[in-house]
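Asks: Kindly return the folded structure for what I paste below:
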Amino acid sequence: MRVVSDRDLRNVPGKIRDALAQGDVVVTSRGKPYAVLMPVANPDRLEEVLALASRIRAQMAVSSIRRKAAETGLDAITDEEIDEEIGQARRERKP
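Replies: Predicted coordinates for the structure are as follows:
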């Protein structure tokens, strides 16, 4: 995996295109990563690539939720407690 700066992305896009031919590229700003570029080997399958990227983002969101639940102890509540929380939220929404 190659790491390039956003300055390189702007100033020498051909360098990025060449790097993508070798695999994924991490884009950084001031040394901190903020994006991953990946090559599309078959342009006819672009929709499939985008769908998989969407699944990756969803899985990352679920992992984040699970991590926060574990940090706050919410991963240990019972089904009954969950049902009560849902019921309370619904009651509060009704006028």
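Asks: CA atoms for contacts and neighbours, from now on please.
Replies: Will do.
Asks: Now do the SS call for the residue nearest to the spatial centre of the chain.
Replies: Centroid-nearest residue in the chain, with C-alpha atoms, centre = their mean: R57, separated by 3.3 Å. Following DSSP: H, G, I helix; E, B strand; the rest coil, R57 is assigned to helix.
Asks: Same question for V26.
Replies: Assignment for V26 (three-state DSSP): strand.
Asks: before we move on, the earlier item: show me what contacts the residue nearest to the centre of the chain?
Replies: R57 makes contact with no residue, according to C-alpha atoms under 8 Å, 6 or more residues apart in numbering.
Asks: Next one: it from V40, what distance?
Replies: For R57, the distance to V40 equals 18 Å [C-alpha to C-alpha, to the nearest Å].
Asks: Ramachandran angles for R67?
Replies: R67 adopts backbone torsions of phi -60, psi -40, taken as degrees, to the nearest 10.
Asks: can you count the residues close to V25?
Replies: 20 (other C-alpha atoms under 10 Å).
Asks: Please apply the same query to the one 3 residues further on.
Replies: With neighbours defined by other C-alpha under 10 Å, the count for T28 comes to 18.
Asks: just checking, it touches D8?
Replies: No: between T28 and D8 there is no contact under C-alpha atoms under 8 Å: 9.6 Å.
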